[in-house]
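Trainee: below: sequence and its predicted model.
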Protein chains: 6
Amino acid sequence: MSSIESGNILVINPNSSEAVTRAIDAAVEPLRAASPFPIIVTGLRDTPSGIALQSDADQVAPPVLQTMLAHPARGYVVACFSDPGVTGAREVIAAPVRGIGESAILHAMTRADRFGVIALSASSVLRQRRLVRVMGVAERYAGSRAVDARAEETTNDALLDRMNEAAFRLVADGADIIIMGCAGMAHFRARIEAHCQRPVVEPTRAAVAALIGDCLLRSCDV
Amino acid sequence: MSSIESGNILVINPNSSEAVTRAIDAAVEPLRAASPFPIIVTGLRDTPSGIALQSDADQVAPPVLQTMLAHPARGYVVACFSDPGVTGAREVIAAPVRGIGESAILHAMTRADRFGVIALSASSVLRQRRLVRVMGVAERYAGSRAVDARAEETTNDALLDRMNEAAFRLVADGADIIIMGCAGMAHFRARIEAHCQRPVVEPTRAAVAALIGDCLLRSCDV
Amino acid sequence: MSSIESGNILVINPNSSEAVTRAIDAAVEPLRAASPFPIIVTGLRDTPSGIALQSDADQVAPPVLQTMLAHPARGYVVACFSDPGVTGAREVIAAPVRGIGESAILHAMTRADRFGVIALSASSVLRQRRLVRVMGVAERYAGSRAVDARAEETTNDALLDRMNEAAFRLVADGADIIIMGCAGMAHFRARIEAHCQRPVVEPTRAAVAALIGDCLLRSCDV
Amino acid sequence: MSSIESGNILVINPNSSEAVTRAIDAAVEPLRAASPFPIIVTGLRDTPSGIALQSDADQVAPPVLQTMLAHPARGYVVACFSDPGVTGAREVIAAPVRGIGESAILHAMTRADRFGVIALSASSVLRQRRLVRVMGVAERYAGSRAVDARAEETTNDALLDRMNEAAFRLVADGADIIIMGCAGMAHFRARIEAHCQRPVVEPTRAAVAALIGDCLLRSCDV
Amino acid sequence: MSSIESGNILVINPNSSEAVTRAIDAAVEPLRAASPFPIIVTGLRDTPSGIALQSDADQVAPPVLQTMLAHPARGYVVACFSDPGVTGAREVIAAPVRGIGESAILHAMTRADRFGVIALSASSVLRQRRLVRVMGVAERYAGSRAVDARAEETTNDALLDRMNEAAFRLVADGADIIIMGCAGMAHFRARIEAHCQRPVVEPTRAAVAALIGDCLLRSCDV
Amino acid sequence: MSSIESGNILVINPNSSEAVTRAIDAAVEPLRAASPFPIIVTGLRDTPSGIALQSDADQVAPPVLQTMLAHPARGYVVACFSDPGVTGAREVIAAPVRGIGESAILHAMTRADRFGVIALSASSVLRQRRLVRVMGVAERYAGSRAVDARAEETTNDALLDRMNEAAFRLVADGADIIIMGCAGMAHFRARIEAHCQRPVVEPTRAAVAALIGDCLLRSCDV
């Protein structure tokens, strides 16, 4: 991470799983060719290997902010769907800060009426509901469906069937667009989309793309 | 408009005021340097010179869609705060379509808690309330304040005092961020921001910046 | 339409299907005996034969308003469930203006707790959700269920089974009253009501009845 | 009340003030000429002289229902803005039942965006807020302003200044239409409208007019 | 009831079923050992044997208030899930007043995200929806499921299977915690909890426990 | 804190100000006489001296949970109005956990219609709005007004005038009950109540009182 400079976009994986960090890096790779700004992905140490519980999200919020403060960048993406530390960071950091949960939801709202979220676990469903309420967008929310996986499994192809099933149920629940409720699963996106016949949003990619827009906007508003 | 190609971003001013079209073009100019995609601005003919009433917005929705259909582009921005034709276009056009009202609001929601909108007129206030409700984001809305101007006046410096006053009242109403509720007023943005001490969002610029993100995202999701 | 005078109620079918116009005329026929005001039904030309997409609704809004302006009446009903042109007309026309979507919903809210809507198509469902949100009555909405028909089919008895099925599902979704989400299907009303054992609201009839009340009220408020 | 027959519309004043009953009768008088149905107004005995507190509203709900059960009619209007007994009556009475609070609000929603209510007292404000919430229409509600009067005073011209002041404040609060939050004040309607330059809805008249529509609709749905 | 003194907590069963009153007394018995205040349970006479319809709830509201006024106490619990008379009593009685519906809901909101309610009947479901809306907590409500029983049956063990089934369906509807929507069924609580694997709230016990807290708070705020 | 046993109620002040911890201890003192359970108050070390920003709240959430895990108790109160760590703790701790923000709000909802909150600072206002949204009770919220103080000042009598002013403005905003949005200010409660003529809720006391109820309920549900 030594090469991070203030002109880069910094994507922070709050958990300590290097596999997830690599999957996030792969997810944003297709954005790099056309992005006006370099995109750097980094992970944290001494944090849980996955954000399973609210207390895990609580635990990583402070080191997420510390990482931002230590590494000046053009903009930041927090690559955990619970958006830990994002609201706090916006009060103390001038550069744009994006969480992948909020960003995926706002993006989905520009493409379809109601969004549904594939959640890793029952506890994730609860965090997603709270995120939706705190954002004030519950009228657009068709719900979440859990696949009962751990974050570390998100790179495992065996998850695909369960994700397809969850997407299918979300469509039955009234979702017009599906959001993948976890980072590091971009490799499943196109296949779920083909299966459920609805657009599927990969949140880290959506957040980085939105942040590029934010950075462009800030650069001309200064 | 002969040079519009499918790789461009096309910004459509739905009213027939050439002064407004030029102001919009000037507003997006600072984005062009870093944008990965060319940004073209066009106006319509045979439409009202400003969108003062809901029936004006109704009237321009069909020609807005016709313009999109006639001019394949990478993505579209409808540069009227009432977002005429945007929802309809999304059902028939594959490329991303953005309205400046929706885009400014969603962008504001990533930077502050409650947004307030400077409206040109009392009728605009009503359209903004309906936009907020149809988007399902009323819990984040501090309200709108009208400056009683016509769209054609938006290039007139005499409006600044009234806009500053409206921004000031919106802050008193609980707005944490101010949105300019009309295209073509970008030249006032920085001065209103300095006056009310809150971030001020210029909607066309916000929409084009967000659309650039959308286009980047779509390009890697295909 | 030459006989339309300012004392009549004018019901406008925004699509160009004469069969639908005739079905609407038949639907309001039972109201004529007791109505204090004559009820005239008219169709439009050069509009789509059915309002399938949002862009269809957008397209008919201007001619709906033109028709009102050209034909002074005591009050107007726009007989398309998407209420095209209604909000715009209210800003420029002094007489009461009713859309059948809004009217059916508000009427249903006086008879039962949650309403559900039988929609012609998936795109209609989306328009109904937006109508419910812009009206600000989402807390009373049990949802919509589509029968995958075109407006032109609404006079076809073969639709009945699918409408019964949709009504049945809406009851399971928590609807206490069912609204037929399209004009021109009044002939099915009683049979669906018998099938689902909940009140079923025919929207054009509900709108004309409500408009009669509006006209009575206006006459004594002047 | 001996002449009440099942073909009449019965308007029930739940309080025991004969002056209020007479004022209600006068309010609906202009509707009688064109109404297809006779309109009878009756008061209750042994109820409070005004509905000042929630416990007053609670107290009159049972006799309101008893009156309906004892007097078969084509339809009923409960002429108290708190709509006492209305929801309960709808479960046990087949004929349409209208409360003036609900009816005035739903009517206002067809004429303007946000409604505000002139309340007699601070306790009335609380009941109006609860009515708005139970109806599920809070997104359209600009608020209530109290004039600190008792129901018995509603026939007193001295109230007009305070009502004008309340209407003026409601407009400043964002109300686009004003509802008189009490029966028996119809004689003030036109003057408040002239003062605040917004439409003013007299609730008993609005409810009776709407009920006429309901009765027409029911007669053709049977 | 002769021993009721102002230092007691008075629990009022609004219906006239002595079996239900006894069941309520048994339900609060486990609270008595540690409660700082005596807990007295009383029933009403000349009221319906169960609150099946809204008009039943309307009918008991006045005698509930009369009972409070006749029996000074430290605090009151109205042991009917429709909370009849509670809002009215709060305007005229200084001591804390709790309804078991409101109390169970607010308690559930501190233990889980979304609550679901087991309702006795379809009419109860409607009252519960209205209670949730008037409380303004609809975003936390997963819905109600009816078991089609009368209040008098609530002491009958044969109900358990249907209640288990309702609880199971509520969990499928997204409820994280289950509320028993009727007094007098405390003896089922633990078994339903074991069956559905979610916390189950008995509302009378929850209300009395909360009222004890209220009384403690009031005693130190005076 | 060595004497903390599993039968006690443990109140945790998340900030490191010993003056605030002492003020909290004094606030709950009047509850101790009648409480069935001992009430212990403790502070944290190595946390900020006040919770001014969201990042301060984020920072204390992990040590709040650690404190609970290290000190088994009958129940816990987190004595910071932002409720840091509360939701997370509820997933991993079996005993009841209360935050003072949530508890004060839910208590206020049983005593009056709309609550308003006196906030220490503009950043606190934002956290309170988010708390209200995540709780899903925005329809009952009249807003927050800031006094621009730091937590350390809350024991300073000079704050009273500003708090009175804030309470007065909240009443004008439509608040029927006032909540003190910070721990450690109980000594001002009665004076603000006398000034604004509305009930004023001290949140720590309200939370402890409610938790006593929770503990009584849990003891009989086991």
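Mentor: Okay, I see it. Remember, predicted model here, so these are calculated numbers, not experimental data. Residues are numbered from 1 along each chain as shown, chains lettered A, B, ... in the order given.

Trainee: give me the number of residues near the nearest residue to A:Tyr76 once chain neighbours are set aside?
Mentor: Closest residue to A:Tyr76 apart from its sequence neighbours, by C-beta to C-beta, 6 or more residues apart in numbering or on different chains: A:Val97 at 4.8 Å. Heads up, the C-betas are built off the backbone N, CA and C, glycines and all. By the measure other C-beta atoms under 10 Å in any protein chain shown, the count of residues near A:Val97 is 30.

Trainee: what does A:Ser17 give?
Mentor: Other residues lying near A:Ser17 total 22 when counted by other C-beta under 10 Å.

Trainee: could you do A:Asp161 as well?
Mentor: The number of residues packed near A:Asp161 is 11, by other C-beta under 10 Å.

Trainee: kindly report the same for the one 4 residues further on.
Mentor: Per other C-beta under 10 Å, the neighbour tally for A:Glu165 reads 15.

Trainee: which of the helices or strands spans A:Ile105?
Mentor: Element membership of A:Ile105 [criterion: DSSP states H and E] is helix A:100-109.

Trainee: briefly note if that helix comes near chain F.
Mentor: No. With C-beta under 8 Å from any C-beta of the partner chain as the criterion, chain F is not reached by helix A:100-109; the gap is at least 12.5 Å.

Trainee: pLDDT (mean, whole number) over that helix?
Mentor: Averaging the model's pLDDT scores along helix A:100-109 yields 98.

Trainee: then stretch A:150-165?
Mentor: Summarised as a single mean, pLDDT over stretch A:150-165 is 81.

Trainee: next: stretch A:196-212.
Mentor: Model confidence over stretch A:196-212 averages 98 on the pLDDT scale.

Trainee: surely A:Ala108 touches A:Ile177?
Mentor: Yes. In this structure, A:Ala108 sits in contact with A:Ile177. The criterion is C-beta atoms under 8 Å, and the distance is 4.7 Å.

Trainee: overlap in contacts, the two.
Mentor: Common contact partners of A:Ala108 and A:Ile177 (C-beta atoms under 8 Å, 6 or more residues apart in numbering or on different chains): A:Phe115, A:Pro199, A:Val201.

Trainee: residues touching A:Asp58, list them.
Mentor: For A:Asp58, the set of contacting residues under the criterion of C-beta under 8 Å, 6+ apart consists of A:Pro84, F:Asp58, F:Ala61, F:Pro62, F:Leu65, F:Pro84, F:Gly85, F:Gly88.

Trainee: and the shared contacts of A:Ala108 and A:Ile177, which is closest to B:Val41?
Mentor: Of all the shared contacts of A:Ala108 and A:Ile177, the one sitting nearest B:Val41 is A:Pro199; the distance, using C-beta to C-beta, is 27.9 Å.

Trainee: what's across from the nearest residue to the closest one once chain neighbours are set aside in the sheet?
Mentor: When the adjacent residues along the chain are set aside, A:Pro199 lies closest to A:Ile177, with 4.9 Å between them (C-beta to C-beta, 6+ apart). Assessed by DSSP bridges, A:Ile177 has beta-bridge partners A:Phe115.

Trainee: A:Ile177: how many residues sit nearby?
Mentor: Using other C-beta under 10 Å, A:Ile177 has 26 neighbouring residues.

Trainee: how close does it sit to E:Gly184?
Mentor: Distance from A:Ile177 to E:Gly184, counting by C-beta to C-beta, to the nearest Å: 46 Å.

Trainee: now the longest helix seen in chain A against helix A:100-109, angle please.
Mentor: For chain A, the helix with the greatest residue count under DSSP state H is helix A:203-221. Between the direction of helix A:203-221 and that of helix A:100-109, the angle (axes from the mean of the first three to the mean of the last three C-alpha atoms, to 10 degrees) works out to 80 degrees.
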